[in-house]
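>>> With the input below, show me the fold.
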Amino acid sequence: MAKQNIYDNEIFFEGYKKIRDNETNANNLFEKPALFSMMPDLNGKRVLDLGCGFGDHCKRFVEEGAEQVTGIDISEKMLQIAREENGDPRISYIHIPMEDIAQLNGQFDLVASSLALHYVEDFSDVVKSVYQLLRGGGIFLFSQENPLCTCHSGGDRWTRDENGNKIYVNLSNYGVEGERESVWFVDHVKKYHRTFSTIVNTLIETGFTIEKMMEPLPTEKLLEEYPEYQDLLHKPDFLLIKARKAEVGEI
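Here you go, the predicted structure:
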């Protein structure tokens, strides 16, 4: 099965990097704070980061006490920047796709992933591999695009008033799972839509216990400074899930 590597496309890569270099992007304002608010204690822990990108999270994991961090990504361009800007003796960066993590050696206390799993076609297979790589009591913590976003399959996402203001989101084909193509810097960017129930049930059926879910929304204070994020009250951009593997012998 061919695995998408859109991040090594030069046009896409430069466009994406420009967004990430803007400190007031939605990732920094909503997704990243939510992700780290759900993070377990990392002191002395072994961490695997799926789709580590530029390695920012890997560096923060070691700053928060992780003993050893492995960051994997399908994009060699991303990993080159990760090694240059977020290198550390405790971090290993490996060039493999998430779909191939079963080949990794060792066990981890935390498997984390930030906004990468919606690019994976076979979610169930990756979840099973994560489960096998985790120690008993280990945590799987990930963010992805919210299913209310991934279901979009064409046309305007919004209904607007006569002044162009967003009134509500247009929702269609939520129950039709599978591949979606979008234009994001370049044509034919592939993502995969799954319903909330599919995501949650896949984790449960694999053996995980769901500990927490978040769909971060803007506070009144944040909206005073960044009113453009008012539309998140209609459609959250992100879904975050924290799941735990049972301890050995735990019922």
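>>> In contact with the residue lying closest to V127 once chain neighbours are set aside, which residues?
Computed as C-beta to C-beta, 6 or more residues apart in numbering, the closest residue to V127 that is not its neighbour in sequence is T206, at 5.0 Å. All C-beta atoms are positioned from the backbone trio N, CA, C, and that covers glycine. By C-beta atoms under 8 Å, 6 or more residues apart in numbering, T206 lies in contact with 124, 127-128, 131.
>>> try 10 Å this time
124, 127-132, 140, 243, 245 (C-beta atoms under 10 Å, 6 or more residues apart in numbering).
>>> Please work out the average pLDDT along the helix or strand hosting V189.
Using DSSP states H and E, V189 sits in strand 186-193. When pLDDT is averaged along strand 186-193, the result is 74.
>>> on that earlier part again, show the buried residues in the contacts of T206.
Using 16 or more other C-beta atoms under 10 Å as the burial test, the contacts of T206 include 127-131, 140, 243, 245 as buried.
>>> Switch those over to TSV; also include secondary structure, pLDDT and distance to N25.
Formatted as TSV, the buried ones among the contacts of T206 follow (DSSP: H, G, I helix; E, B strand; the rest coil; pLDDT from 0 to 100; distance: C-beta to C-beta, whole Å):
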residue	secondary structure	pLDDT	distance to N25
V127	helix	98	28
K128	helix	98	32
S129	helix	98	30
V130	helix	98	27
Y131	helix	98	32
F140	strand	98	25
A243	strand	98	26
K245	strand	98	32
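>>> Please tabulate those residues in a markdown table and include distance to L148 as additional columns.
Converted to a markdown table, these look like this (distance: C-beta to C-beta, whole Å):
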| residue | distance to L148 |
| --- | --- |
| V127 | 21 |
| K128 | 26 |
| S129 | 27 |
| V130 | 24 |
| Y131 | 27 |
| F140 | 22 |
| A243 | 21 |
| K245 | 28 |
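>>> how about the residues you listed, which pair is most distant?
Spatially, the most separated pair among the buried ones among the contacts of T206 is S129 and A243, at 14.0 Å (C-beta to C-beta).
>>> Quick check: neighbours shared by these two?
Residues within reach of S129 and of A243 at once, by C-beta under 10 Å, 6+ apart, are 111, 206.
>>> Contacts only, for K59.
K59 neighbours (C-beta under 10 Å, 6+ apart): 52, 69, 71, 82, 85-88, 90-91.
>>> Got a quick PyMOL command for the buried subset of the residues you listed?
Buried residues within these, by 16+ other C-beta under 10 Å, are selected in PyMOL with:
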select buried, resi 52+69+71+82+86+90+91
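>>> Now intersect the contacts of K59 with the strands, please.
69, 71, 91 (DSSP state E).
>>> closest to N165 among the residues you listed?
Ranked by distance to N165 (C-beta to C-beta), the ones in strands among the contacts of K59 are led by G71 at 40.8 Å.
>>> who does that closest one bridge with?
For G71, the beta-bridge partners under DSSP bridges are D49, Y93.
>>> Who are the contact partners of it?
Going by C-beta under 10 Å, 6+ apart, the list of residues near G71 reads 47-59, 61, 78-79, 82-83, 86, 91-94, 112.
>>> and K128, what is it in contact with?
Contacts of K128 by C-beta under 10 Å, 6+ apart are 102, 122, 202, 205-207.
>>> one more time with 6 Å, if that's ok
Contact analysis of K128 by C-beta atoms under 6 Å, 6 or more residues apart in numbering lists T206.
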